Each structure stands twice: as structure tokens, then as C-alpha cells.
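Student: structure of the sequence below:
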Amino acid sequence: MKQFILLITGLWLYSILFQPAILGCTIFKVTRDGVTLVGNNEDGTDATTYLWFIPASKGKYGRVYFTLSDKWPQGGMNDQGLFYDGTSAPWKAVVKSLDKPEYRGNLSGKILESCATVPEALSLLQQYNLGYFRNGQMFLADKLGHSAIVEGDTIILGTDYYQIATNFYTSNPSLGGYPCHRYDIAETMIKNLPILSVDVFRTILEAVHLEGYSFTQYSTIYDLAQTTFYYYKDSNFKEAVKIDLKKELQKKKRWYETKEFFREKEKINDKTGNTKYFQENIISHFPNKAVKCSLHFSNDLLHGPSEGFYDNGQRSWNATFDRGKRIGALHNWNQSGAPILGYRFIDRNHTDLLDYFPGGALMLKLSFTKVGGDSIEPFRVLVYNEDGRLNYQGTYKNGLFFLDNKNRPYSGGISVYYKNGNPFTQAEYKAGKPDGTLKQWDAKGNLVKTEVYQNGILTGIRRY
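Tutor: Numbering: from 1, shown residues only. Model prediction:
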């Protein structure tokens with residue numbers, strides 16, 4: 001599960017800044033002819049990744065976990081062919097299970113050690129308080145083709161041959177993270193699969209990988225029936241390591257830093273050559289026959305303009321690709337045509353995040369840069385009122401916010417206003433971090449959301 005809040009504890013405005021649009025992650029499962037494959041891009045800012053192999057013991061299945069530098073299990077598979085991973089998502093209240101006990105430890109990790117199938121995993125989850133998933137969701141899949149997405153109290157069972165998770169709740173996209181170009185691209189490519197293979201899955205993962213403001217740290221493809229998986233690192237989709245879990249579990253319990261593991265193992269090139277998987281242009285449709293997504297390819301890589309739509313015909317996003325890499329800007333619109341969260345890709349080390357008022361006026365420009373080789377951090381912010389006046393500007397240093405020309409981290413209140421003079425949002429800062437209650441209103445003055453922060457960490461949210 002992505003610890004995305006820790007990325008930008010210095011940010012103050014609008015919960016979207018703490019949400020998965022900043023980090024990403026894409027998971028998808030396809031079952032065809034008795035074969036189930038799962039693809040996963042792990043996106044974020046922590047470039048250190050570990051593999052943790054744990055052989056079977058009394059009452060516990062053998063398993064492998066992927067972890068980040070904090071060594072907290074992020075996802076993995078067990079020797080029964082059960083997979084899980086997580087994506088960050090908007091804060092969502094958990095209410096149905098609050099009377100149940102909290103599991104002390106890593107609940108998702110417990111699933112792999114004690115469950116063999118998705119139904120067993122869901123039965124286990126029903127025993128506990130699912131507040132564990134307040135700001136993220138879990139994707140489950142097994143070798144029998146079952147899959148499910150756990151959105152806190154809401155369970156989305158896989159009822160088709162495929163299921164996809166990115167960073168919005170499919171049960172309620174309006175909570176944030178939607179529209180999502182990665183979801184639309186993955187779905188369109190899955191619906192046009194000529195065959196089901198590891199190589200085709202690699203092509204999909206490459207199409208939705210991220211660079212810049214948040215990068216794809218590693219990618220994996222799991223064959224759940226064979227309990228094998230392919231590991232790609234640093235967005236290099238030309239080379240992979242194939243790992244047979246059962247063989248690895250015959251050895252003792254151990255950790256590997258994945259870059260070292262990758263060097264130790266024999267690398268393979270699983271691209272089969274000149275096979276053409278996708279036509280030059282593929283289009284997916286809504287049930288009402290309206291176009292949902294249009295993609296352009298060259299040699300199986302996204303190349304040129306691509307775009308997505310709502311079912312009312314309004315464009316939801318567009319982006320341009322150059323041989324699989326995004327270039328220029330990624331724009332997003334709501335169903336009324338007003339711009340919402342977008343990105344401007346300067347190069348692989350610099351990205352601008354753009355956020356807007358509900359009516360479409362620019363509210364925020366936040367610049368990210370890559371530092372120290374791998375870490376992505378915010379460094380510059382400009383905030384505007386709806387009438388276009390610059391409200392304030394500043395920089396981030398070591399995660400703390402400084403107003404321009406000030407040598408101390410900022411403490412005090414911050415307000416942003418609609419064109420009619422009503423406040424859009426108000427927040428409090430203490431020593432460079434959000435601290436206290438952030439309030440957000442609509443243009444008529446109605447309170448729509450409050451967020452509570454303690455020393456930069458979001459601890460609670462309420463929507464009205």
C-alpha cells in the first residue's frame with residue numbers, strides 16, 4: 001500500500017495534492033483459457049525496493065513480498081497462486097466495520113500467509129476493522145481467475161475476464177483521481193488483446209508506466225497458476241528476470257535489494273521480435289457506442305496523440321507520446337469541459353502539476369524536481385485566486401514550505417478566494433507544515449469539505 005502522504009507533507013492545499021494522481025500505480029488481471037496473468041506497475045518516489053522470500057512454515061504458506069525502503073510489504077504472491085497489491089486512493093470514510101477489532105500488524109501481509117484464494121481473503125477481511133484502507137485500495141487475484149478490489153467497506157468483485165485498478169474508486173470516481181489516462185489505456189489495450197502472453201502484458205505495462213513527477217520503480221507480471229513472475233526495474237522493459245517462487249522458497253528466508261537480485265539472476269529478453277500486437281489506431285467504446293478512448297501506436301508503442309472521453313462526448317483527457325514516452329502536457333477535463341488536474345512534462349527530471357478552480361481558472365502550479373538521483377520532491381509553488389491574481393508564492397526545502405524572501409518555515413493562515421470574494425479554502429501552517437483544520441467551500445459559501453492535519457499528516461477528512 002503506497003504511503004503517499006509522506007511524499008509531500010509540506011503541501012497544504014486541496015486534498016488532491018495528497019492523492020494518487022501524484023504517485024500512480026496500475027494493476028490489472030486478465031483470465032483467458034484457464035490462464036490468469038496479473039500486471040503491476042509500482043509507481044512512486046522511493047527507488048529502493050526489496051524482495052522478501054519467506055518459506056512455508058506450520059500453518060503459513062510460503063510467499064514473496066515486495067517492499068520499499070521501509071521494508072513494509074507492499075504486495076506479492078504466495079505459493080498457492082494468490083496475489084495482492086495496493087494503490088493509493090482518495091481518503092474514504094470506513095463506517096461498516098468500525099465495531100470490529102483492528103488487526104495488529106500488516107493485514108494485507110497476513111492474507112498471503114493464511115489464504116489460498118480470493119474468497120478466503122475476503123472472508124478474512126470481514127473479521128476486522130477495515131479502517132486500514134481509508135486512503136488506499138487492495139487488488140486481489142488468484143490462479144482460479146477470481147479477483148476483487150477492496151475499497152475499505154466496499155468490495156468490487158471481478159465479474160468479467162479482466163479487472164483494473166489505478167487510483168480512483170470505481171464505485172465512486174467523483175471522490176478523486178478520475179479521469180485516469182492509465183486506466184483508459186490499459187482497458188483499451190486489454191479489450192484488443194490478440195493473445196494472452198507475458199509479452200503482451202509487458203507492452204501494456206510499458207504503455208502506462210510513469211516518468212518525471214512520479215516514476216515507475218519496478219514492474220511485475222505474475223502467472224498465478226505457475227507461481228512465477230517477471231520483474232522489470234527502472235522502466236527498462238527490454239530485460240526481465242523470471243522468478244520461480246517455489247524454487248526460491250526452497251532456500252532459507254532472506255531479503256534481497258532488487259537491484260542486486262537483478263544482477264545475480266540471468267536476465268532474459270522476453271520481447272518476441274516482430275510480432276505485431278496492436279494496430280496503428282485502436283478505439284474503445286461505451287455501451288452507448290460513444291468513443292471512450294482512442295490510442296495511436298507505432299511498433300506496439302504509444303506514439304502520437306491519444307485521448308479519452310466521457311459518455312456524453314466531452315473529452316476527459318489527452319496526451320502525446322513519443323515512442324512510449326509522454327511528452328508535453330497531460331490535460332484533464334470534467335464532464336462540463338472545465339479543466340481539472342493536469343501535468344506539464346518538462347523532462348524526465350522536472351514536472352509541473354496544474355490544479356484548477358471548479359470553474360476552470362488556474363489555482364495552483366506546483367513544480368517537482370528529481371534530486372539525489374532518485375527522489376522526487378516539490379520545490380516551487382504558485383497559488384492564485386480565481387480572478388487570476390497571484391495569492392502567494394514560495395519554495396519547499398526538505399519538505400517545509402517557505403514564503404519567498406523569508407528565511408524561516410512559514411507559520412500562519414493561508415486563504416484562497418473565488419472571484420466573487422468568497423473563500424475557496426483556508427488552512428493553517430505551523431513551522432512549514434499544515435497543522436489544524438483545512439476548510440473548503442463552494443462558490444455560494446457552502447462548506448463542502450474539511451481536512452484535519454497534525455504536523456503535516458492528514459488524519460481525518462469529512463465531506464458535506
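Student: was I right to think Glu451 contacts Ile457?
Tutor: No: in this structure, Glu451 is not within contact of Ile457 by Cβ atoms under 8 Å, at 10.8 Å. For every residue, glycine as well, the C-beta is placed using N, CA and C.
Student: looking at the two, which is more packed in?
Tutor: Between Glu451 and Ile457, counting by other Cβ atoms under 10 Å, Glu451 is the more crowded of the two (23 against 14).
Student: and the more buried one, bridged to which residues?
Tutor: Leu438, Ile461 (DSSP bridges).
Student: cool, Gly136 as well?
Tutor: Ser88.
Student: number of residues surrounding it?
Tutor: For Gly136, using other Cβ under 10 Å, the count is 24.
Student: and Thr450, how far from Ser69?
Tutor: To Ser69, Thr450 is 33 Å away according to Cβ to Cβ, to the nearest Å.
Student: tell me which of these two has more neighbours.
Tutor: Thr450 (14 against 11).
Student: the more buried one is in contact with Arg462, isn't it?
Tutor: Yes: using Cβ under 8 Å, Thr450 is in contact with Arg462, at 5.1 Å.
Student: can you map out the helices along this structure?
Tutor: Remark: helices assigned in the chain by DSSP state H are 107-114, 118-125, 181-191, 198-207, 245-248, 258-264.
Student: tell me the buried residues in the first one?
Tutor: It refers to helix 107-114. By 16 or more other Cβ atoms under 10 Å, the buried positions in helix 107-114 come out as Leu107, Ser108, Gly109, Lys110, Ile111, Leu112, Glu113.
Student: can you list those residues in CSV and add pLDDT?
Tutor: Below are the buried residues of helix 107-114 laid out as CSV (pLDDT from 0 to 100):
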residue, pLDDT
Leu107, 88
Ser108, 85
Gly109, 87
Lys110, 92
Ile111, 95
Leu112, 96
Glu113, 95
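Student: of the residues you listed, closest to Pro90?
Tutor: Nearest to Pro90 among the buried residues of helix 107-114, counting by Cβ to Cβ, is Ser108 at 18.9 Å.
Student: I figured that closest one hits Pro73, correct?
Tutor: Yes: contact criterion Cβ under 8 Å: Ser108 and Pro73 qualify, at 6.7 Å.
Student: low-confidence ranges, this protein, go.
Tutor: 1-23, 212-213, 270-275, 371-375 (pLDDT under 70).
Student: let's see it at 80
Tutor: 1-24, 44-47, 68-71, 132, 211-214, 269-276, 347-349, 370-377 (pLDDT under 80).
Student: the nearest residue to Leu68 once chain neighbours are set aside: neighbour count?
Tutor: Using Cβ to Cβ, 6 or more residues apart in numbering and skipping residues adjacent in sequence, the residue nearest Leu68 is Asp46, 4.5 Å away. Neighbour count for Asp46, taken as other Cβ under 10 Å: 20.
Student: I'd like to know how far Asp46 sits from Lys71.
Tutor: Relative to Lys71, Asp46 is positioned 11 Å away (Cβ to Cβ).
Student: strands of the stretch 151-300 of the chain, start to end?
Tutor: With DSSP state E, counting those that start in this stretch, the ranges of strands along the stretch 151-300 of the chain come out as 154-157, 162-165, 215-223, 228-233, 240-244, 254-257, 267-268, 281-285, 291-298.
Student: residues in contact with the longest one?
Tutor: Meaning strand 215-223. With contacts defined as Cβ atoms under 8 Å, 6 or more residues apart in numbering, strand 215-223 is touched by 24, 35-47, 49, 66, 77, 83, 141, 198, 201-202, 205, 209-210, 228-235, 237, 258, 348, 376.
Student: brilliant, that's me finished.
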